[in-house]
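K.L.:
Below are the sequence and a predicted model; questions follow.
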2 protein chains.
Amino acid sequence: MGYSVMALAAVPMVQPGDDLCLIVQQSLSASDMQLVEGDIVVLAQKIVSKAEGRAVALDTVLPSPNAIELAAQTGKDARLVELILSESEEVVRAVRNVIIVRHRLGLVLANAGIDQSNVPEGYALLLPIDPDSSAAALRRSLQEKSGRTVSVLVIDSLGRAWRLGTAGAAIGSAGLPAVQDLRGRADLTGRLLESSELCVADEVAAAASLAMGQADEGTPIVIVRGLHFADSAQTARDIVRPRDLDLFR
Amino acid sequence: MGYSVMALAAVPMVQPGDDLCLIVQQSLSASDMQLVEGDIVVLAQKIVSKAEGRAVALDTVLPSPNAIELAAQTGKDARLVELILSESEEVVRAVRNVIIVRHRLGLVLANAGIDQSNVPEGYALLLPIDPDSSAAALRRSLQEKSGRTVSVLVIDSLGRAWRLGTAGAAIGSAGLPAVQDLRGRADLTGRLLESSELCVADEVAAAASLAMGQADEGTPIVIVRGLHFADSAQTARDIVRPRDLDLFR
């Protein structure tokens, strides 16, 4: 049993308003590929954000008093901090150079996932507005055009509490069982950090991340082929650990 | 650019004292495969533990007063709790049904990684004694027998602080850049939960975990082929976030 992970060649630079379905189709063609039944189409968060026009010019941001205070505390640009706060429900930890928040999507991550490395100087790129919806919309379009049942993931690189380095993780998901109950039992008390559930979506995200290569601008779309999961209505939101099961806040 | 992930067929049940190199070779043959340059050989923790004789009969365990108290607090078997404590440096969280520890290997995980699902009733399987050394030894043997440069990972499924479900993670590593600095800068303050480092070993572990299928006893060995990393002296121990960079203890 095996599967393959293929980065598409020749993905163009994505601009605000671009149709991601068309971009996936064109990139598949340029790679001499077609979608087959069960393919998982994985997109880097940055191209979804760019298509949605989520790049913000820092010059247009007016920091609040809260942002100015947190900027002084952490040594960060107050305008960036304002964006981080505007995207977040809660600051979880703040120390020198580090702001970890609970994002409005439920994700606990550094800097609200705001990326300054993949956008022009003076701009910051926010996470997509609703990556689960973006994944679902792209899935519908791709299925309509291709006639195949596929899944779609939107992924980002997330840090981890106790491990160095980031790993690919799903922030948007459509079609996959995001969190698969392996043993067919739903013991709420027992499942807390136990191993009865497998986060399929994050494992696929990590597998795709390896093929993307994070430093390479050119490969933000990956096809994962040969894994067969039952169709699921779960989303990446279902991966977020509910507050009452969170021991580390 | 792409790669493939293949689970080996017909891996035998591993017994204490078994030679893992021989088991990998036999399983490769049974799958009509040979190692090629750059292959990553990924083993599930359970077969390494079994080969090392790390299954313990609970009947032989005498719980300490500490273990008895923690067992009462969490509702767990006091003998299992004794094993958990004997494998750990520190109890990080303990609530009903859940004990999260810092393992002597540095890993923060539930139940010290002790598995009762893959061993006979009345037994518990501890993590390997030193999975980095196990990986390094297997790597040397496989390279000697095959004449190819390969990497070896020992993986387990770890829970995450803020996300449901487990994901494959590297607990032993030989040959891979475990944590790859993507941007060529080693800013200690900036790297804390930042995205300048990618945990290659955990991403490969997650990719391999998908091919293993956690419920399936039969596929604990996976070959990841087509990823090309520079040879590295890093180990899985290098993934462990040092205490002074840990904001969530």
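P.N.:
Done, it's in.
K.L.:
Does anything pack onto the lowest-mean-pLDDT helix or strand in chain A? Which helices or strands?
P.N.:
Least confident helix or strand, chain A: strand A:180-181 with a mean of 84, by mean pLDDT, DSSP states H and E. On a contact count with 3 or more Cβ pairs under 8 Å, 6 or more residues apart in numbering or on different chains; DSSP states H and E, strand A:180-181 meets strand A:197-198. Where you see a C-beta, it was placed from the backbone N, CA and C, and this is true even at glycine.
K.L.:
I'd like to know which elements the strand it packs on is packed against.
P.N.:
Under the contact rule (3+ Cβ pairs under 8 Å, 6+ apart), strand A:197-198 is packed against strand A:180-181.
K.L.:
where along chain A do the strands fall?
P.N.:
A:2-7, A:40-44, A:55-57, A:88-95, A:98-103, A:108-110, A:123-125, A:151-158, A:167-174, A:180-181, A:197-198, A:221-225 (DSSP state E).
K.L.:
what angle sits between the lengthiest helix in chain A and strand A:40-44?
P.N.:
Using DSSP state H to define each element, chain A has its longest helix at helix A:131-146. Using axes from the mean of the first three to the mean of the last three Cα atoms, to 10 degrees, the direction of helix A:131-146 lies 130 degrees away from that of strand A:40-44.
K.L.:
Which pLDDT value belongs to the closest residue to A:S232 other than its chain neighbours?
P.N.:
In space, and not counting its chain neighbours, A:S232 is closest to A:P177: 4.0 Å by Cβ to Cβ, 6 or more residues apart in numbering or on different chains. For A:P177, the pLDDT comes out at 94.
K.L.:
so how far is A:S4 from A:P177?
P.N.:
Plainly put, A:P177 is 20 Å away from A:S4 if you go by Cβ to Cβ, to the nearest Å.
K.L.:
Okay, now the sheet partners of the least confident helix or strand of chain A, with direction.
P.N.:
In the sheet, strand A:180-181 lines up against strand A:197-198 (antiparallel) (DSSP bridges).
K.L.:
I'd like the distance from the partner strand to the chain centre, please.
P.N.:
Chain-centre distance of strand A:197-198: 19 Å, with Cα atoms, centre = their mean, to the nearest Å.
K.L.:
what about A:L210, neighbour count?
P.N.:
Neighbourhood size, A:L210 [other Cβ atoms under 10 Å in any protein chain shown]: 26.
K.L.:
A:G122 too?
P.N.:
Neighbours around A:G122, by other Cβ under 10 Å: 11.
K.L.:
quick one, what contacts the closest residue to it other than its chain neighbours?
P.N.:
What sits nearest to A:G122 in space, not counting adjacent residues and going by Cβ to Cβ, 6+ apart, is A:L58, at 5.5 Å. Residues counted as contacts of A:L58 (Cβ atoms under 8 Å, 6 or more residues apart in numbering or on different chains) are A:77, A:79-80, A:83, A:122-124.
K.L.:
For B:S29, find the nearest of the strands of chain A.
P.N.:
strand A:2-7 (16.8 Å; Cβ to Cβ).
K.L.:
And that closest one, what does it pack against?
P.N.:
helix A:200-212, strand A:221-225, strand B:2-7, helix B:200-212.
K.L.:
got the contact list for the second one?
P.N.:
Surrounding strand A:221-225, the residues in contact under the criterion Cβ under 8 Å, 6+ apart are A:3-8, A:11, A:23-24, A:27-28, A:33, A:35-36, A:38-44, A:47, A:204, A:207-208, A:211-212.
K.L.:
Of the residues you listed, just the buried ones, PyMOL syntax please.
P.N.:
For the buried members of the contacts of strand A:221-225, the matching PyMOL selection, counting by 16 or more other Cβ atoms under 10 Å in any protein chain shown, is:
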select buried, chain A and resi 3+4+5+6+7+8+11+23+24+27+28+35+38+39+40+41+42+43+44+47+204+207+208+211+212
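K.L.:
Next, format the helices and strands packed on strand A:2-7 as CSV and append distance to B:L107.
P.N.:
Below are the helices and strands packed on strand A:2-7 laid out as CSV (distance: least, Cβ to Cβ, whole Å):
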stretch, distance to B:L107
helix A:200-212, 18
strand A:221-225, 27
strand B:2-7, 24
helix B:200-212, 12
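K.L.:
I'd like those laid out as a markdown table, including distance to A:R241 and mean pLDDT.
P.N.:
Output for the helices and strands packed on strand A:2-7, formatted as a markdown table (distance: least, Cβ to Cβ, whole Å; pLDDT from 0 to 100):
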| stretch | distance to A:R241 | mean pLDDT |
| --- | --- | --- |
| helix A:200-212 | 12 | 97 |
| strand A:221-225 | 25 | 98 |
| strand B:2-7 | 27 | 95 |
| helix B:200-212 | 18 | 97 |
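K.L.:
Return the residue of chain A that is most distant from the centre.
P.N.:
For chain A, the largest distance from the centre (Cα atoms, centre = their mean) belongs to A:P65, which lies 30.0 Å off.
K.L.:
Which per-residue confidence value corresponds to it?
P.N.:
With respect to pLDDT, A:P65 scores 97.
K.L.:
so who does the nearest residue to A:V42 once chain neighbours are set aside touch?
P.N.:
Among residues not flanking A:V42 along the chain, A:A208 sits closest, at 3.8 Å (Cβ to Cβ, 6+ apart). With contact set as Cβ under 8 Å, 6+ apart, A:A208 has these partners: A:5, A:40, A:42, A:153, A:155, A:168, A:222, A:224.
K.L.:
Is it correct that A:T149 is in contact with A:R140?
P.N.:
No - using Cβ atoms under 8 Å, A:T149 is not in contact with A:R140, being 11.3 Å away.
K.L.:
which residues of chain A score low on pLDDT?
P.N.:
Residues of chain A meeting the criterion pLDDT under 70: A:182-195, A:214-218.
K.L.:
from the middle of its chain, how far away would the least confident helix or strand of chain A be?
P.N.:
Using Cα atoms, centre = their mean, the offset of strand A:180-181 from its chain centre is 20 Å.
K.L.:
what's the answer for stretch A:163-177, then?
P.N.:
For stretch A:163-177 - counting by Cα atoms, centre = their mean - the centre lies 6 Å from the chain centre.
K.L.:
Same check on stretch A:1-14?
P.N.:
Computed by Cα atoms, centre = their mean, the separation of stretch A:1-14 from the middle of its chain amounts to 16 Å.
K.L.:
now do the same end-to-end measure for it.
P.N.:
Terminal residues of stretch A:1-14 are spaced 35 Å apart (Cα to Cα, to the nearest Å).
K.L.:
For A:A7, list the residues it contacts.
P.N.:
So A:A7 contacts A:211-213, A:219, A:221-222, B:1-2 (Cβ under 8 Å, 6+ apart).
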